[in-house]
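> What shape does this take:
(one chain, ligands or ions: 1)
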Amino acid sequence: MTSQIDHLLNETRRFAPSAEFAENAVASGELYAEAGADREAFWGRQARELLDWQTPFTQVLDWTNPPFAQWFADGTLNVAYNCLDRHVAAGNGDRVALLWEGEPGDERRITYAELTDEVKRLANVLTGLGIVAGDRVAIYLPMIPEAIAAMLAVARLGAIHSVVFGGFSADSLRSRIDDAGAKLVITADGGYRKGKVSALKPAVDLALADRNGSGVQETVEHVLVVRRGGNDVDWTEGRDIWWHDAVPAASAEHEAEAFPAENPLFILYTSGTTGKPKGILHTSGGYLTQVAATHRNVFDLHPESDVYWCTADVGWITGHSYVAYGPLANGATQVLYEGTPDSPHPGRWWEIIQKYGVTIFYTAPTAIRSFMKIGRQVPAQFDLTSLRVLGSVGEPINPEAWVWYRSVIGADRTPIVDTWWQTETGAIMISALPGVTETKPGSAQVPQPGITIDVVDESGTHVGNGNGGLLVVTEPWPSMLRGIWGDPERFVETYWEKFADRGYYFAGDGARLDEDGDIWLLGRVDDVMNVSGHRLSTAEIESALVANEAVAEAAVVGASDETTGQAVVAFVIIKENYLKQHSPEGLVSSLRGWVGEQIGPIARPRDVYIVGELPKTRSGKIMRRLLRDVAEGREVGDTTTLADTMVMSVISAQVK
Ligand code: PRX
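Okay, the predicted model is just below:
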């Protein structure tokens, strides 16, 4: 089998940055030349200029024991000091760090001086609870300022945090606490979601209790609890501590100790396609360098004037790198929002942008497509003219969604940066630079300065422009994962074995280089289908479907087929107004024809199912594996990682 992924969709629209934007942009095209001439010197300069080091490093990269890299290894620094104290010392203590908006509409403005003070007190509390460098602390909180403070206080002590998304169940929490051997859990009574308090502390109690014969959890000594939801909670004397009792009473004097650059910073669990979650391990100096550099360059951050908002939860990597560490290392002012986009009304996000004058906005294609489904009349009610850069992350963004984002949210004016990266890469790897790159809707475009990417065939050979294949990173990068917690073999096997002879990192994504060499992501390689010997990408057929004016969202899978090997099966969500005006049969047949016209007869779906929802993980990714089960008439597999576990039974019923 060839690894070539056939490319059939053609996108010719182009958007160059305005002269005015380019003139004031923080990143210029010279960065590529600098990094191209001497990659390590480039990263060395970034690390020195963007961060404060207690002990300067003398070596940038040690790659003598691949795939275990060491960056800036003999340098020492404190990550929290770099995100907090130094901004205060530089006279920016009064700058707002967090513009926090609770879902019920309560708000808090927290300056760098105030956040520094809170983190120092919390660091003293944690020390009092016996937390020292290297210990693991689980954080299970809603999107409240205490979540950021907790991450930074753990980092300040050289300890390791493991943030577990607040939507995960007691079982998921337990397995993550066990795997990391956490000593402390930081949680809240509850947080607001969709107009109601959603409890958290009861899930922690359950997680620490005897779970189906697992025995009582043994490594956790204390549970520190923030009061947010106001809901009643059970209390375990001696173990549980209220944040509001402990933190304000602690001293605000705390000297940040410097740790080696390779000191572990956090573990973040990511679900692989199979098997138990992987604890992705990140360390300090290289990680902070690359998140700070990319946050500044990709979003064109001017910290003194911008108001930045990334909608990701801190429970995901995007929340780690582009809510917590990148923006704070750069001294940015940012919005932090607790709730869901549609609570209490569908324009809540746009209202927040208007209220705080957000200038840089970073969100996921799933969210953009769900706004497309409701229609442009909702954002049109708000003043979005403060926006000047829009970002996208998490999935391929279909050209139609890209163009909608730019035109409806960005008033046909703002550059869009489609950023490709992963939990494992730690920071953005592929993206336009908004003042430099002429953008193409649907393309993530070019590797960041200092990052080397290729698209190769199964043997590791470069496929050449105009061809598709497998995405690889060819050289180590500062924010790369350093391993899988407790499982070095799985680390090597999952990411490095496939191209071991070349030393490439295998990302698991399919990609295509266009005639100019720009990169187009084609979806996870596991999702690629083979129709009559042609390898077709899910992303391209989905993009063609979303380009039809009736379609809001689409997911495509390959189902086994006697004649063609696999056949294209599409699941689509139709926009509300079209559903009222057209018959389902008419829509199905016109969509099959449409894909045939847009891409070619080979891609015409055998079946099109109109559904009300698609199965998504809690971070918004479509779980095509489950749709494949339905399309092939199998029992639907494990649905526990779905945001809404009912979705699959509804879809199965609809398909029958
Ligand atoms: O398949 C790619 C997709 O998301 C995967 C990484 O997921 P996760 O570790 O949860 O991190 C998401 C946030 C960084 C990738 O392997 N992905 C992420 N960004 C993009 C993307 N696919 C296409 N375009 C993107 N911009």
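> so how many other residues sit close to Glu562?
As a burial measure, Glu562 scores 6 neighbours (other C-beta atoms under 10 Å). For the C-beta atoms, the positions are set from N, CA and C on the backbone; glycine is no exception.
> Pull up the gap between it and His345, please.
With the distance defined as C-beta to C-beta, to the nearest Å, Glu562 ends up 50 Å from His345.
> and the residue of the stretch 551-656 of the chain found nearest the ligand, what does it touch?
Nearest to the ligand, among the residues of the stretch 551-656 of the chain, is Ser619, at 5.7 Å (C-beta to the nearest ligand atom). Ser619 is in contact with Phe165, Asp313, Trp316, Ala364, Gly394, counting by C-beta atoms under 8 Å, 6 or more residues apart in numbering.
> List buried members of those by neighbour count.
Phe165, Asp313, Trp316, Ala364, Gly394 (16 or more other C-beta atoms under 10 Å).
> what residues are up against the nearest residue in space to the fourth one that is not next to it in sequence?
This means Ala364. Nearest non-adjacent residue to Ala364, counting by C-beta to C-beta, 6 or more residues apart in numbering: Gly394, 4.1 Å away. Contact partners of Gly394, counting by C-beta under 8 Å, 6+ apart, are Thr318, Ala364, Pro365, Thr366, Ser619, Gly620, Lys621.
> The worst-scoring helix or strand of the chain on mean pLDDT packs against which elements?
Least confident helix or strand, the chain: strand 534-536 with a mean of 80, by mean pLDDT, DSSP states H and E. Where contact means 3 or more C-beta pairs under 8 Å, 6 or more residues apart in numbering; DSSP states H and E, strand 534-536 is packed against strand 529-531.
> what sits up against the strand it packs on?
Identification of contacts with strand 529-531 by C-beta under 8 Å, 6+ apart yields 1, 535-536, 538, 556-558, 561, 564-568, 602-603.
> at 6 Å what do you get?
For strand 529-531, the surrounding residues in contact (C-beta atoms under 6 Å, 6 or more residues apart in numbering) are Leu536, Gly558, Thr564, Gly565, Gln566, Ile602.
> on that earlier part again, out of the contacts of Ser619, who's nearest Leu77?
Set against Leu77, the nearest of these by C-beta to C-beta is Trp316 (24.9 Å).
> could you redo the contacts of Ser619 as TSV and give each row pLDDT?
TSV is the format used below for those (pLDDT from 0 to 100):
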residue	pLDDT
Phe165	92
Asp313	95
Trp316	93
Ala364	93
Gly394	92
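> which one among the residues you listed gets closest to Leu84?
The nearest member of the contacts of Ser619 to Leu84, counting by C-beta to C-beta, is Asp313 at 21.6 Å.
> Go ahead and confirm the closest one touches Gly319.
Yes: here Asp313 reaches Gly319: they are 5.1 Å apart, a contact under C-beta atoms under 6 Å.
> The single nearest residue of the stretch 351-500 of the chain relative to the ligand is in what secondary structure piece?
Residue nearest to the ligand within the stretch 351-500 of the chain (C-beta to the nearest ligand atom): Thr423, separated by 3.4 Å. Assigned by DSSP states H and E, Thr423 falls within no helix or strand.
> Could you shift the numbering so residue one becomes 24, and keep it that way?
With the count now opening at 24, the last piece we talked about shows up as Thr446.
> So it is in contact with Thr293, correct?
Yes: judged on C-beta under 6 Å, Thr446 makes contact with Thr293 at a distance of 4.4 Å.
> who's in contact with the residue nearest the centre of the chain?
Most central in the chain under C-alpha atoms, centre = their mean is Thr341, positioned 3.4 Å from the mean C-alpha point. Under the criterion of C-beta under 6 Å, 6+ apart, the neighbours of Thr341 are Ala335, Val416.
> How about the secondary structure of it?
When classified by DSSP: H, G, I helix; E, B strand; the rest coil, Thr341 comes out as helix.
> and it, how far is that from Val187?
Thr341 sits 15 Å away from Val187, going by C-beta to C-beta.
> and what of Glu538?
Glu538 is 44 Å from Val187, by C-beta to C-beta.
> One more: Asn488?
43 Å.
> These two - which one has more neighbours?
Looking at Asn488 and Val187 with other C-beta under 10 Å, you find the greater number of neighbours at Val187, namely 27 against 13.
> Go ahead and confirm Ala530 touches Leu493.
No: Ala530 lies out of contact with Leu493 (C-beta under 6 Å); the separation is 7.9 Å.
> what residues are shared contacts of the two?
Common contacts of Ala530 and Leu493, defined by C-beta under 6 Å, 6+ apart, are absent altogether.
> Please say which of these two ends up with more neighbours.
Taking other C-beta under 10 Å, Ala530 and Leu493 do not tie; Leu493 has more neighbours (25 against 22).
> Sheet partners, orientation included, of the helix or strand encompassing the more buried one?
Using DSSP H and E, Leu493 sits in strand 491-496. Sheet partners assigned to strand 491-496 using DSSP bridges are listed as strand 476-479 (antiparallel), strand 528-536 (antiparallel).
> Need those in a markdown table (columns: distance to Leu247).
Output for the strands paired with strand 491-496, formatted as a markdown table (distance: least, C-beta to C-beta, whole Å):
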| stretch | distance to Leu247 |
| --- | --- |
| strand 476-479 | 41 |
| strand 528-536 | 36 |
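> could I get these as CSV with mean pLDDT?
Putting the strands paired with strand 491-496 into CSV (pLDDT from 0 to 100) gives the following:
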stretch, mean pLDDT
strand 476-479, 98
strand 528-536, 96
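> Between the ones you listed, which one is closest to Gly151.
For the strands paired with strand 491-496, proximity to Gly151 was assessed by C-beta to C-beta; strand 528-536 is nearest, at 41.1 Å.
> Near Leu223, how many other residues are there?
When neighbours are counted by other C-beta under 10 Å, Leu223 registers 25.
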